[in-house]
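>>> Pasting the sequence and the predicted coordinates here, then a few questions.
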Amino acid sequence: MNLPNRLTLARIIIIPVFMAFLLLQVPQGHTLFAHQDVVAAVIFILASATDGLDGYIARKRHQVTVLGKFMDPLADKLLVSAALISLVQLGEVPAWIAWTILGREFAVTGLRAIAAADGHVISASKLGKIKTVTQVIAISAILLHDWPFSLLNIPIGQPFLYLALVFTIISGIDYLLKARLLLRK
């Protein structure tokens with residue numbers, strides 16, 4: 001297994017650790033979980049950063065593999081899904097927004113599977129990449145309670161969440177339009 005695939009696998013493996021720090025209720029004074037929300041945010045941000053890093057390394061070293069092409073988007077979807085579902089549980093994200101974002105992810109994954117079965121590849125678009133970046137910014141800001149912008153009383157997590165929702169919908173429509181010929185068959 002090459003380095004890019006190891007980074008992707010690490011992103012999947014770290015998800016339960018992220019969720020433990022975010023969701024476990026530990027009695028006050030336990031030092032391991034003293035700032036568990038900050039630790040969860042750092043884990044999420046670092047895991048999200050490996051997404052770009054693994055792709056960069058794979059392309060740079062000519063180590064793009066079939067396994068990597070499968071695992072990378074799966075790891076992204078698992079990480080974002082875990083974060084959104086956890087944030088719904090914590091009351092930080094409305095369930096309808098999480099459902100819309102996750103529904104789009106399932107739909108696009110299905111479209112890509114149909115296209116692949118027919119020998120076509122629907123590659124990631126710029127809109128999809130913007131969607132991912134806005135989702136990561138929104139989730140990170142919500143996890144950090146808008147810090148450092150909260151010092152100035154400027155909320156950024158929720159506005160970015162709605163921006164991510166817009167890009168999620170637009171990029172989903174874009175994928176649907178790209179796959180429309182395949183769907184007519």
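Thanks, I have it.
>>> going forward, measure contacts between C-alpha atoms and count neighbours the same way
Noted.
>>> tell me, what residue is most central in the protein?
The centroid of the chain falls nearest to V80 when counting by CA atoms, centre = their mean (3.2 Å).
>>> so what's that residue up against?
Q135, V136 (CA atoms under 8 Å, 6 or more residues apart in numbering).
>>> same check, this time on I15
L78, L79, A82.
>>> A95 too?
V88.
>>> This structure: helices as residue ranges?
Remark: helices assigned in the chain by DSSP state H are 3-13, 15-23, 36-60, 66-89, 95-117, 126-143, 157-184.
>>> And the first one, what's buried?
Buried residues in helix 3-13, counted by 16 or more other CA atoms under 10 Å: P4, N5, L7, T8, L9, R11, I12.
>>> Kindly report the same for the shortest one.
Under the neighbour-count criterion of 16+ other CA under 10 Å, helix 15-23 has I15, F18, M19, F21, L22, L23 buried.
>>> swap in the last one?
Residues of helix 157-184 classed as buried by neighbour count (16+ other CA under 10 Å): 157-158, 160-161, 164-165, 167-172, 174-176, 179.
>>> Out of the residues you listed, flag the one nearest to T50.
A164 (19.8 Å; CA to CA).
>>> I'd say the closest one and G128 touch.
No. With contacts counted by CA atoms under 8 Å, A164 stays clear of G128, the gap being 10.3 Å.
>>> Can you pull out the residues in contact with stretch 96-109?
Residues contacting stretch 96-109 (CA under 8 Å, 6+ apart): K77, S81, L84, I85, V88, L165, T168, I169, G172, Y175, L176.
>>> Does D54 touch L7 like I think?
Yes. The pair D54 / L7 is scored as a contact, 6.0 Å apart, by CA under 8 Å.
>>> domain parsing for the protein?
Using automatic domain parsing, the domains assigned to the chain come out as 1-91, 93-185.
>>> Take those domains and write them to CSV, including mean pLDDT.
Output for these, formatted as CSV (pLDDT from 0 to 100):
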stretch, mean pLDDT
domain 1-91, 87
domain 93-185, 88
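>>> Out of the contacts of I15, give me the one that has the most neighbours.
The residue in those with the most neighbours, by other CA atoms under 10 Å, is L79 (23 neighbours).
>>> Spit out the contact partners of that residue.
Per CA under 8 Å, 6+ apart, neighbours of L79: R11, I12, I15, F44, S48.
>>> Apply 6 Å and report the result again.
By CA atoms under 6 Å, 6 or more residues apart in numbering, L79 lies in contact with nothing.
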